[in-house]
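Novice: Got a predicted structure here, sequence first:
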Amino acid sequence: MSLPLTGLARAFRTFVLAEPGSAERRVADAMRAHPEYVAGTRRPDTWLMSEVPGVLSKMGAEAVQAVALPDGRALAFKIDDGSGRALGPVLARALALLGVDSPVVARIGDAPLLGGGERVGEVRATF
């Protein structure tokens, strides 16, 4: 199934703004109530939904990410080469630009480059 990124962002917006009790809202509420079922316990989606109230977040295959904030602002992006290494830094930068102020944003954006077991650099989003 194919879906443009704008369509994916709109879908996430629809889920967070849906009327209480609707099918869309029940899905969003379930994801937010149990983020560990969405992404396990050591993934940015889980951290984000656990630490920022009302956020809906899901990474997908080949480095696709969709997020909706409780006020309906939403984003979706894909890392072209499909590698997840840049996903966290890009997500963290986008969230910072949207005004999400939480320690979890820095945690998501931390992508160290190691040399000889030591941190020698990092992956950073530059937009």
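Specialist: Yep, that arrived. Quick caveat: nothing in here was measured; it's all calculated off a predicted structure.

Novice: State which helix of the chain is the longest.
Specialist: When the chain is parsed with DSSP state H, its longest helix is helix 5-17.

Novice: Which other helices and strands does it contact?
Specialist: helix 23-33, strand 56-60, strand 64-68, strand 74-78 (3 or more Cβ pairs under 8 Å, 6 or more residues apart in numbering; DSSP states H and E). For every residue, glycine as well, the C-beta is placed using N, CA and C.

Novice: can you give me the angle that helix makes with strand 74-78?
Specialist: Helix 5-17 runs at 140 degrees relative to strand 74-78, counting by axes from the mean of the first three to the mean of the last three Cα atoms, to 10 degrees.

Novice: Show me what the mean pLDDT comes to for helix 5-17.
Specialist: The average pLDDT within helix 5-17 is 97.

Novice: same check, this time on stretch 20-40
Specialist: Stretch 20-40 shows a mean pLDDT of 96.
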